[in-house]
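Enquirer: Model the following, please.
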Amino acid sequence: MDAPINYLAVFVAGLIPMIVGSIWYGPLFGKKWMELEGKTEEELRAKFNPLKSYGVTFVFALLMAYVLLHVLNAFSDAYGMSGLTAGIQGGFWVWLGFVLTIGWQQVAFSGQSLALWLINSLYNLVTLVCMGALLSTWQ
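Expert: Numbering: from 1, shown residues only. This is a model prediction of the structure:
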């Protein structure tokens, strides 16, 4: 069954990674993240490209919201669940099955520190759970 797509909900959900990221990588974990990346604020500013950093990231966030909405609709069709709880569960399961496991490859094969992996992975968890909650309640 094809559920109609609420494009406004997808758009707003696409803003969630930007909002969460500005807090997560700003006041919450910004200094620790920079330290673990081995970068200074000046180095990050020198290589900053707004189109790449915000433009492409927002397009990918919209794609993520669009795909997550389809996953949540399939979850609803398969299990008869919808609403806030289904959105939170859907976001969690997508994170657990794909984001967490794929992200681990950076630790296992690229030498990323466990602490950096944890900061990035938990950011993705919060983002996906919030996106799932919004998308599943605003259809």
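Enquirer: drop to CA atoms for contacts and neighbour counts, all remaining ones
Expert: Fine.
Enquirer: Run through the helices of this protein in chain order.
Expert: Using DSSP state H, the helices found in the chain span residues 7-23, 30-37, 41-46, 50, 57-79, 84-94, 100-110, 114-137.
Enquirer: For Leu68, give its distance to Gly55.
Expert: 20 Å (C-alpha to C-alpha, to the nearest Å).
Enquirer: With neighbour numbers in mind, choose between these two.
Expert: Neighbour count, other C-alpha atoms under 10 Å: between Leu68 and Gly55, Leu68 has more, with 23 against 12.
Enquirer: Excluding chain neighbours, what is closest to the more buried one?
Expert: In space, Leu68 comes closest to Gly132 once its chain neighbours are excluded; the distance is 7.0 Å by C-alpha to C-alpha, 6 or more residues apart in numbering.
Enquirer: My understanding was that that neighbour contacts Trp93; is that so?
Expert: No. In this structure Gly132 lies outside contact range of Trp93 using C-alpha atoms under 8 Å: 10.3 Å.
Enquirer: Which residue of the two possesses the greater neighbour count?
Expert: Shown here are Gly132 and Trp93; by other C-alpha under 10 Å, Gly132 has more neighbours (29 against 16).
Enquirer: Check the gap between that one and Leu96 for me.
Expert: From Gly132 to Leu96 the distance is 14 Å (C-alpha to C-alpha).
Enquirer: Could you dump the helices of the chain into JSON lines and include mean pLDDT?
Expert: Shown next, in JSON lines, are these (pLDDT from 0 to 100):
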{"stretch": "helix 7-23", "mean pLDDT": "97"}
{"stretch": "helix 30-37", "mean pLDDT": "96"}
{"stretch": "helix 41-46", "mean pLDDT": "90"}
{"stretch": "helix 50", "mean pLDDT": "82"}
{"stretch": "helix 57-79", "mean pLDDT": "95"}
{"stretch": "helix 84-94", "mean pLDDT": "96"}
{"stretch": "helix 100-110", "mean pLDDT": "96"}
{"stretch": "helix 114-137", "mean pLDDT": "98"}
